[in-house]
Structures are given as C-alpha cells and as structure tokens.
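K.L.:
When you get a sec, could you give me coordinates for this:
(2 chains)
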2 protein chains.
Amino acid sequence: MTPSATPSPAFEWIDGGGVTTPLGFVAGGVYAGIKTYGEEPRLDLGILGGEGPLTAAGVFTRSAVTGHSVTIGRQLLAQTSTVRGVVVNSGNANTVTGTQGAADCERMATLAAARLGADAPVLVGSTGVIGRMLPMEKVERAIADVTLTRDGGYAFSRAIMTTDTHEKQVAARVEAGGRVYRVGGCAKGSGMIHPNMGTMYAFITTDAPVDAAWLDATWRGIVDRTFNMIDVDMDTSTSDMGLVFASGAAGGDPVAAGHPAAGLLAEAIEAVAQHLAKTVARDGEGATCLIEATATGAADEQDARMAARTVVSSPLMKTAVTGRDPNWGRVMMAAGRSGARVNQDQASVWIGEHCVLDRGQPTTVDLKLVSQAMAQELVSIRVDLGVGEASATAWGCNLTKEYVSINADYTT
Amino acid sequence: MTPSATPSPAFEWIDGGGVTTPLGFVAGGVYAGIKTYGEEPRLDLGILGGEGPLTAAGVFTRSAVTGHSVTIGRQLLAQTSTVRGVVVNSGNANTVTGTQGAADCERMATLAAARLGADAPVLVGSTGVIGRMLPMEKVERAIADVTLTRDGGYAFSRAIMTTDTHEKQVAARVEAGGRVYRVGGCAKGSGMIHPNMGTMYAFITTDAPVDAAWLDATWRGIVDRTFNMIDVDMDTSTSDMGLVFASGAAGGDPVAAGHPAAGLLAEAIEAVAQHLAKTVARDGEGATCLIEATATGAADEQDARMAARTVVSSPLMKTAVTGRDPNWGRVMMAAGRSGARVNQDQASVWIGEHCVLDRGQPTTVDLKLVSQAMAQELVSIRVDLGVGEASATAWGCNLTKEYVSINADYTT
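P.N.:
Sure thing, here's the model as predicted:
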C-alpha cells in the first residue's frame, strides 16, 4: 500500500524504508522450522535490536488470557524503559502452555540478549497457534544462527508474519527543531485482529533521542487512534503487542514535552503507525479492499470510536462490501448496536460521496452509484450520529469466502 | 430440529404443534409482494391474534437505532398488557424511514386491529432490509386478504421468515396445579442475530390465564437464558422482538407468583423458548451445525454469560468448527477477550468429551479425536474459567462460505 498524504511539509516518506532505516538499529530473520505455511522467503524467527541500549514504550493485549511473551514484556516495561530489543517467533503463540512455556519464553529472552550484548534486557514476542509447546531446540539454534545487520529489517518483518500475504514496513524522515530524525516501523497481522491495547505486532523505531515518559504517553495516544481503530474479525489476540524503540543515534537533546521537535516527531510516529495499521487492515485474511469508516456528530470521542469501529467490524457490513451491495441500512444497524448514542431522526449516512440517509430520511440517490462507490480499493463510509460534535475514524476490510477457507484449516 | 429432553414428567412435546396450538388463538399469512426471495410457500405478511383480548409481555432490541415497530411496540406495552395480537411483515424492516415510516407502522396496527376486533390494540413487527419505504398499497391489501384460522400458525410462521431455510414452530403441554395448559411458539431469524433483549422474532403463546406482572418478570428471565444467549453473526438487529401472549382459554385462576402451576408453566415456556432459540442458531445463515458452549468456574453469572457467548460468537472459533480444526486455543482466546475474569493457570477446556487443556496445561489428547468431536451435528465446547462457581450456556453456529454468499448480495 502506498503511504498516504504527508502530515506536514517537514515530513517525507522514505522510498523502500523500513524498521531498520532509523540509525542505530540492527535486525535479522531466519527459518527455525516452527511455521509450516507461508510463501518464500519463509522466515519464522527474528531479532530487532539496538546497536546500544534503547528507550522503549509498549502496549499489550487487554485480553484476560495472555501469552507468556505478553506477561513477561508487560512486567519488564513496568520496571524499566531501557531495553536492547525484541526477539519474535511466528507460528506458535506460546500461550496457555503452562510453566514450561513460561520457562521457554524466559530462555528466548536470555539467548537473544546474549546475541545483542548483555547490557539491557530483551523483550519477546510469540505469535501463531495457541496451546502448543514451542520446539525449543529449533528456537535456540535459530537465535544462534540469525544474522543481525543494519539492513535486516526486511528479514525481520518477514519473520514475524503469520497469514499475512506480504511484509509490512515503512519509514519516514522529519526535520524538526533544526535536526533530522527518522521513524521506521513494521507490523504483522491479518487474522484475530481486533486490537485492544496496541495491536497484533507493531514495532516502531526512531533514531531520535527521547524522554521515556514522553515516549510512553505519546505512544499510548497514537495507538488508540491507529492500531486500536482497526478490525479484521472482532477476535482480539492473546499476543497483541505494540512496541516503539528510540536509539538516539540522530543526536541532540532528548525529545520531551516542550522540546521544539516534540510535535513533529509525534506526528511522524503517528503517520508511520497509521500507515501500518491501515496496511494490516487491508491485508486482513481474504480481504480485497480497505474500508474506512468515520463517525461524526457523536456525543463524545468514546461514542465516535465505538460507532466507527462497529461499522468496520460488522460481518453484515463487511459482506455487503464484498457484494458491492448498497445495503446502507447496515451502517445504521451497526451504529445502533455499537453502544454509542444515536439520534436516528437526525442521523445521516454517506457511502463514498453519496448521501443515502439525510437527517433521518432516506434519500433518492441512485443505488447503482452507491454500489460503484463500494467497488473501490478504498471504500469510505461516514455516519453522522446526529447528537454532538465528536468524530473518529476506523479501518477494516471486507469479509470474503477466503476468510472462511483460511481459518477453517489453520492447524491441520 | 427435534425438541430436546423434557424438563419435567408433567411436560410433553406436542407432535406437529405450533404457535396456534394453545386454545384461543387465530393466525394466518399471505404473500403481499414485499419479499422477493425465499422458497414456496413464500409468504410475507402475517397476523397472530386472540379470539379475545390477550395478556402480553414483550422485550425489544437494545440497539440505539430501532425500527418503527419496535418504538411503537415498546410504548404500547409500557401502557398496557392487554392487546389483541401482532401483525408482521418480512422483507422490509421499516427502519430509518422517517415520519412516513412511522405513519405506515401506525396504519398497519390500525388495519390489523380492525381485522381482529377493535377491543384491544395490536403490535407490529417489520423485518428485512433497513432504510426502504414499505409498499403500503400491497401491505393494506394483504391485511384485508389474510385468512385467520385456529390452525393458521404454519402460514404465520412462514410469513415472518427472511433468510430462514424453514419455519420454526413448536408446542408443548404441561399439567400443573390440576389443570392442562398448552404453550406454543414460533420464531424467525438466521442473520443479524446477536440478540440483546429478546430476539429477532419470537412469538410464544399459551392458553393459561396469567397475571400480567408475573408474565412480564418470568418472560424477561427466560429471554436472558434463551434468546439472549444465541449468536449467528454478532450483529444485533434494529427490529428484534420477543412477545408472549396468554389467552386464558384453558380456564382457571390467573397464574401468578405462588400459584401452584407457576413453576411448571414457567418451565414449559422456557423449554419452548430454548428450543426455538437453538433452532434459530442452528438455522444461522450458511450454518451446518449447532455449537453449544458452556462456561463454568466463572466468578459470577455475568462473566459466565460473556465467556460462553463470546465463544459461540468468535469468527475464528466458528470457522475452526467448519474445518473440524482442533484449534482449541481459540476457545481460550475468546474467553480471554470476553471481558470475563479468567485464571489462565487454572483454566480447562473440553471439546466434546475430550479435555484439551487441564488447569492451565495442554493435555496429550489425540487431536484426531477432537476433530471428530467437531464433526457432529451438535458441537459441545466447555471452558472452565478457573475462578469461581457460576456457569452459563450459549448457542451458535459455524461460519461458512455460504454466510458470505448469502450476505454479499442481499438487496441486489
């Protein structure tokens, strides 16, 4: 997916950029033999780390059932914001695997820390099937074998993929406060995507030096507007994880609240995060288009978020888009059940540029035009709830027969 | 679907029974020309009424967007529990149709009341596509044309169908307090089914005389354990409606709290409601089996309900059942995201009779046996949350490619 419009004149997308584009990072990926599916190059274990210690912030799944990597990562970031990187495997989530699974997770962290330099701890990510033991012999050999280089972002972003059809990387540069910073990132996820935290996996890097508290607060806000606003299938993973790492290699004072670069750097991180979030939604299992739903006229932002996200999550809306079926009543159905306050006598709905419901009254728009607006690579839906002034946008994808095929025989 | 075990020795299913099996009811259905799909006999307008005034209780969708029939019905039952019956059309939900839609709904009620005898008001149900005006000329002619008879339950239960593959009727008799009462019912629904009230449409009849307050309280509890525990696709309709009518034609004192027949009559109503709820879930759009999920070991009933319902609602669990894929980790994923408290170190999971997770540790059960347990007409799943003592059961269906086909071209 081509990155969308730039947020400011100081911001520029970097052609072919990725998670190791910012200075001060190394990464790599290998095939350990955990994952039995996926196109070549098929990789399933990766490491992303700093050339020195990194400042990190992270958000994790809010599910009551969490993988060992989430449990351990959350504990670690509660104690320190200085880490050396993250080791990730795909194909096995190491979730509900008991005490042995917890020990396996700790062992991955220890071995990866040794590979990166033992001056700071390493986070772990495990994604894939739930309830199976990790093949630790393969994992250990892979951690020893992985080659870590300054252009290893491609291999790393392949290694974190499960049913993704392509790796998801992007990078940008921003000039702020008289200095150039780079922001990169990669993400994975195409099923079990209804993040409630951070997300499936999103790893963002920057070479800006940052204040840890500023990074944490900034990152949480960005995740709520980007990864927490996408949906593929309503199912929240037990392994969702969104991490941001800052190397400081660009030099200068740490960016904190009040620093002249703080606003533009935060915008750049958000642009990278939003691009990756939309890319994850577009690559939803079996999807053929991206759905962008905006709720306006909401009583408050919470209502707007619920309404927008329910529209992109609704199976009936998602199948209507697959059929280019101008059945816009389903937008109102979804808004109605979302929990948001709706004044249905004042509510309006647009599909693309076509107003189909105008302050509670159906319009006489030609439904063939509405159907054409649903046959686009980007299907835009807007619902005005007719109550207040708040708005929010969410992204999802259509529901096709291929989603069923992909998930009907995932472990067999 | 064959009715399941009887709740008590005093209870008996009536072969071929339905919504007009209880004494004192008439019904009928005709083809008005609103609905353009569905197998023969294709009917789309029906009336169910009493030979005299009926005592009624009802529950309605909790969606913030409601059809005119829901808005008017809720108002009516807040004022009176004495009605004459209900008129229903399928193929058009008369929702977000503005002031004209509200007037059309009132007119349906007035015309149907005239057909039934003008001594009490009539409720209205409209189900189908949202945001289209009702073809009132056809509706008016149909209300005039419908034949109302004591065995009209079959025609009525066909007239309320949308994408249902068959009509859904059942009846039972119960001997209680020295008297015989009959309880019948019909329901419809196979998509947009995640009821949050009562349900899609469920109409229950009994010839017992009842106290209105007892009926209302009893009905609300029953709906929470039956229709509110089924799911087809997470989407809550704007038209959901669950009504119970009592004619009193069996004679005797009104059944109220403390009446010797109260317990057995409530059990009979619940048995009829549970049977219809399971039938609706089994007839979910594109479904090939019924999924029954029970959550045990929950902190409280609310947690148990959330966990059980999330398991049957999860697209990933539903597609796993389609593929007979023993990917039981998805049960834990669903329980984890449900909002229920889970102690994952003490949690257990069974598929059919096979324990796959035993107090936090995966078992070594042969996954081929688990796959076989998923290839049944009734797929049973149990998750013990490892926290407390409460339990609840929910019903759903698998997700197939046919669900996508059915909903990708519903209005076109």
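K.L.:
got a list of what whatever residue of the stretch 101-250 of chain A ends up closest to chain B touches?
P.N.:
Among all residues of the stretch 101-250 of chain A, A:Ile130 sits closest to chain B, at 2.4 Å; criterion: C-beta to the nearest C-beta. Bear in mind the C-beta positions are built from the backbone N, C-alpha and C, glycine included. If you count contacts by C-beta atoms under 8 Å, 6 or more residues apart in numbering or on different chains, A:Ile130 has them with A:Gly67, A:Ala93, A:Thr95, A:Val96, A:Thr238, B:Asn327, B:Gly329, B:Arg330, B:Met332, B:Met333.
K.L.:
List the ones among these that fall in helices.
P.N.:
Counting by DSSP state H, the part of the contacts of A:Ile130 found in helices is B:Gly329, B:Arg330, B:Met332, B:Met333.
K.L.:
near chain A, which of the residues you listed show up?
P.N.:
Of the entries in the ones in helices among the contacts of A:Ile130, those that also sit close to chain A under the rule C-beta under 8 Å from any C-beta of the partner chain are B:Gly329, B:Arg330, B:Met332, B:Met333.
K.L.:
Tell me what the nearest residue to A:Val210 once chain neighbours are set aside is bridged to.
P.N.:
Here the nearest residue to A:Val210 in space, its sequence neighbours aside, is A:Ala246; by C-beta to C-beta, 6 or more residues apart in numbering or on different chains that works out to 4.3 Å. Beta bridges link A:Ala246 to A:Thr55, A:Thr206 when assigned by DSSP bridges.
K.L.:
Between which two of the contacts of A:Ile130 is the distance greatest?
P.N.:
The distance between the two most remote of the contacts of A:Ile130 (C-beta to C-beta) is 15.3 Å, for A:Gly67 and B:Asn327.
K.L.:
Going by residue numbers, what spans are helices in the stretch 251-400 of chain A?
P.N.:
In chain order, the stretch 251-400 of chain A shows helices spanning A:262-282, A:301-313, A:315-322, A:329-337, A:367-373, with DSSP state H, counting those that start in this stretch as the criterion.
K.L.:
Check the ones you listed for me and report the most buried one.
P.N.:
helix A:329-337 (a mean of 29; mean count of other C-beta atoms under 10 Å in any protein chain shown).
K.L.:
what's the angle between that one and helix A:301-313?
P.N.:
Per axes from the mean of the first three to the mean of the last three C-alpha atoms, to 10 degrees, the angle that helix A:329-337 makes with helix A:301-313 is 140 degrees.
K.L.:
Quick one: residues in contact with helix A:329-337.
P.N.:
Taking C-beta under 8 Å, 6+ apart as the criterion, the residues outside helix A:329-337 that touch it are A:293, A:295, A:307, A:310-311, A:313-314, A:316-317, A:320, A:342, A:344, A:347, A:349, A:351, A:357, A:381, A:383, A:385, B:63-66, B:93, B:95-96, B:129-132, B:192, B:194, B:196, B:235-238.
K.L.:
repeat for stretch A:132-143
P.N.:
With C-beta under 8 Å, 6+ apart as the test, stretch A:132-143 has contacts from A:30-34, A:44-45, A:47, A:87, A:89, A:92, A:94, A:97, A:100-101, A:104, A:107-108, A:111-112, A:115, A:126, B:329, B:362.
K.L.:
distance between it and the chain's centre?
P.N.:
Centroid displacement of stretch A:132-143 relative to its chain, using C-alpha atoms, centre = their mean, to the nearest Å, is 26 Å.
K.L.:
Stretch A:312-324 now?
P.N.:
For stretch A:312-324 - counting by C-alpha atoms, centre = their mean - the centre lies 21 Å from the chain centre.
K.L.:
Please apply the same query to stretch A:323-330.
P.N.:
A distance of 28 Å separates the centroid of the chain from that of stretch A:323-330, by C-alpha atoms, centre = their mean.
K.L.:
Over to stretch A:39-54?
P.N.:
Centroid separation for stretch A:39-54 versus its chain: 17 Å, with C-alpha atoms, centre = their mean.
K.L.:
Average pLDDT for it, rounded please.
P.N.:
For stretch A:39-54, the mean per-residue pLDDT is 94.
K.L.:
One more: stretch A:64-77?
P.N.:
91.
K.L.:
which bits of the stretch 1-150 of chain A sit near chain B?
P.N.:
With C-beta under 8 Å from any C-beta as the criterion, the stretch 1-150 of chain A meets chain B at residues A:63-66, A:93, A:95-98, A:129-133.
K.L.:
just the buried members of those?
P.N.:
Of all those considered here, the ones buried according to neighbour count by 16 or more other C-beta atoms under 10 Å in any protein chain shown are A:63-66, A:93, A:95-98, A:129-132.
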